[in-house]
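Peer 1: sequence unknown, structure follows:
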């Protein structure tokens, strides 16, 4: 059987309706929506368009599930979902009340950006406290910061505020420290090597056969903005083409012997540094590519403080913690997903076929009243109804799941000229999300991936799922209704494509790039040096008692003997599993998974708590040049020990 021709680009063309009828994607659509459907397909769609009472025949489509490109047929599901969302809003008769907010001027926006980037010292005039972070920045990152400091400085001078340090003075202080951060900044030979690899990958993308899935590499060791600056001319000449599911490449995560770091595997203090660096890198990348990047404040809205729907994630999780302490994903999301999966993921049209509006409304009211009491009879909740409620929950959040601050940045990703740049930008944006948003988004995406794995039976391919979920994730409460029809069409294809990438490449997007991890480690080293100097000074100035001095000396000696007992060996502890530590001899092939297996074998199955199974425990790297990091199984311990010789090694349940 010859495959159907795939679309070579994402194009929405106007065409005439024929006289054939259709079985319909959403069987509950009324005839009065037909005129909207007509205008939509002719390039005249408006979300606020008045409905006509004229009856017109709908075009007949023979849905092909082997044709997975983002063409008119798959995008039709997007507009059907938009219509369904609009009808749901009309039936609810509820509108979110917005409070008026003063629009910040450019200087205020840059000041807010600098504070979020961990550079508040450049705003309040104490540049010294920002030196540690500045000393680890790459060239393009430093330029991005410098541009924003200059804008802020000029704005403040115009307002006749107190004198602000000259930007040249600020950055001259960190120039002398760049030698110490040389491990973080890529040298010229590394960039040239990266350029050659990128060129080869771009050529392979252009010459690939349609419908053939291939594997590509992505560089996580060199700053994305540095790579983009080195490839700018070539990238400008490269056009991104639309592709079907099968032709999207599988990106290989580079093998890092010191271990791959996932978002959420770091201690809060290190994750805070990651966010600061990701924000700076994001600005540097967009600046390099000439894309406008504005950091917006969240709109103040009157919100519900209790219940399930329309409640901020932070408040919802506070309620959930009373039931299950430490839960990271709202319980209602977990329950809806598990209920859908219990019914089986082979049902045709899950997510695409909506539940009956009145039944959905009634179920939502029941959930509000009975969910936390546990008295709702889930046997009465149909699978399509649960899927509709899941989508409703996501779009009814007071602020988008991807946050209002970064919604524009997510939408701007579609303007980048290559898939690799788009993935790099999405990677940084995912790292910028608050923990509760990122964890909830990950749970949703993992469910969508499992749904797509059953596409042969449920007929929900990557593209089908993406076009249905995109408006629920990115259409924030009238955000798009103010746009022109042309903008709405561009947003439809762009957000659907972004949704595809979020689902397919979620493992890559939730990875902290090695260049950022290197910068975090360098910051920790600099901070520890500074702290050591301060402690030494205090020790000289403070007279310590003999007993206290003896206690500190004994404690220090004991501490130094804990991590390493012999040369080439480490001591692994598991306080929650055993009072006895274990000395592990380091070899070239020793991995974190080997230590976990050896430790559990030593303890014996009967002595391991049921709650601490192999899947739930992790070997942690603690201290030295890192706060705390959960190691992935493929971490080569000797290589990591050489990178962080002062670390301690502890086995404990994840996120304990």
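Peer 2: Happy to help now that I have it. Everything numeric in this text was worked out from a predicted model, so none of it was measured.
Peer 1: CA atoms for contacts and neighbours, from now on please.
Peer 2: Noted.
Peer 1: for the stretch 351-500 of the chain, give me the ranges with low pLDDT.
Peer 2: 477-484 (pLDDT under 70).
Peer 1: tell me where it has helices.
Peer 2: Under the criterion DSSP state H, counting those that start in this stretch, helices of the stretch 351-500 of the chain are mapped to 357-370, 383-395, 407-412, 419-432, 435-453, 455-458, 462-474, 485-504.
Peer 1: pick the most deeply packed of those.
Peer 2: With neighbours defined as mean count of other Cα atoms under 10 Å, the helices of the stretch 351-500 of the chain peak in mean count at helix 462-474, which reaches a mean of 25.
Peer 1: angle of that helix against helix 383-395?
Peer 2: Between the axes of helix 462-474 and helix 383-395, defined by axes from the mean of the first three to the mean of the last three Cα atoms, to 10 degrees, the angle is 50 degrees.
Peer 1: on that earlier part again, out of the helices of the stretch 351-500 of the chain, flag the one nearest residue 646.
Peer 2: Closest approach to residue 646 among the helices of the stretch 351-500 of the chain (Cα to Cα): helix 419-432, 27.2 Å.
Peer 1: what packs against that closest one?
Peer 2: Packing partners of helix 419-432 (3 or more Cα pairs under 8 Å, 6 or more residues apart in numbering; DSSP states H and E): helix 268-289, helix 407-412, helix 506-509.
Peer 1: just put those helices in TSV and tack on distance to residue 599.
Peer 2: Shown next, in TSV, are these (distance: least, Cα to Cα, whole Å):
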stretch	distance to residue 599
helix 268-289	27
helix 407-412	44
helix 506-509	28
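Peer 1: out of those, deepest packed?
Peer 2: helix 268-289 comes out most buried of those by mean count of other Cα under 10 Å, with a mean of 22.
Peer 1: mind giving me the packing neighbours of that one?
Peer 2: By 3+ Cα pairs under 8 Å, 6+ apart, helix 268-289 packs against helix 139-158, helix 224-230, helix 419-432, helix 514-541, strand 626-630.
Peer 1: ok, which of the helices of the stretch 351-500 of the chain comes nearest residue 250?
Peer 2: Closest to residue 250 of the helices of the stretch 351-500 of the chain, according to Cα to Cα: helix 485-504, at 8.6 Å.
Peer 1: and that closest one with helix 435-453, angle?
Peer 2: Put simply, helix 485-504 runs at 80 degrees to helix 435-453, going by the same axes, to 10 degrees.
Peer 1: low-confidence ranges in the stretch 101-250 of the chain?
Peer 2: Those would be 101-105, 126-127, 129, 160-213, 233-246, if you go by pLDDT under 70 across the stretch 101-250 of the chain.
Peer 1: if we can go back for a sec, rank the helices and strands packed on helix 419-432 by mean pLDDT and give me the bottom one.
Peer 2: For the helices and strands packed on helix 419-432, mean pLDDT drops lowest on helix 407-412, to a mean of 91.
Peer 1: so what touches that helix?
Peer 2: Residues outside helix 407-412 that contact it (Cα atoms under 8 Å, 6 or more residues apart in numbering): 291, 293, 294, 400, 402, 426, 429, 474, 491, 494, 495, 498.
Peer 1: rewinding a little: quick one: the helices of the stretch 351-500 of the chain as TSV, columns for distance to residue 317 too.
Peer 2: Listed next are those as TSV, based on distance: least, Cα to Cα, whole Å:
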stretch	distance to residue 317
helix 357-370	15
helix 383-395	14
helix 407-412	22
helix 419-432	19
helix 435-453	8
helix 455-458	32
helix 462-474	20
helix 485-504	24
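Peer 1: looking at those, which is nearest to residue 597?
Peer 2: Each of these has some distance to residue 597 by Cα to Cα; the shortest is helix 435-453, at 27.2 Å.
Peer 1: elements contacting that closest one?
Peer 2: Counting contacts by 3+ Cα pairs under 8 Å, 6+ apart, helix 435-453 is packed against helix 313-323, helix 462-474, helix 485-504.
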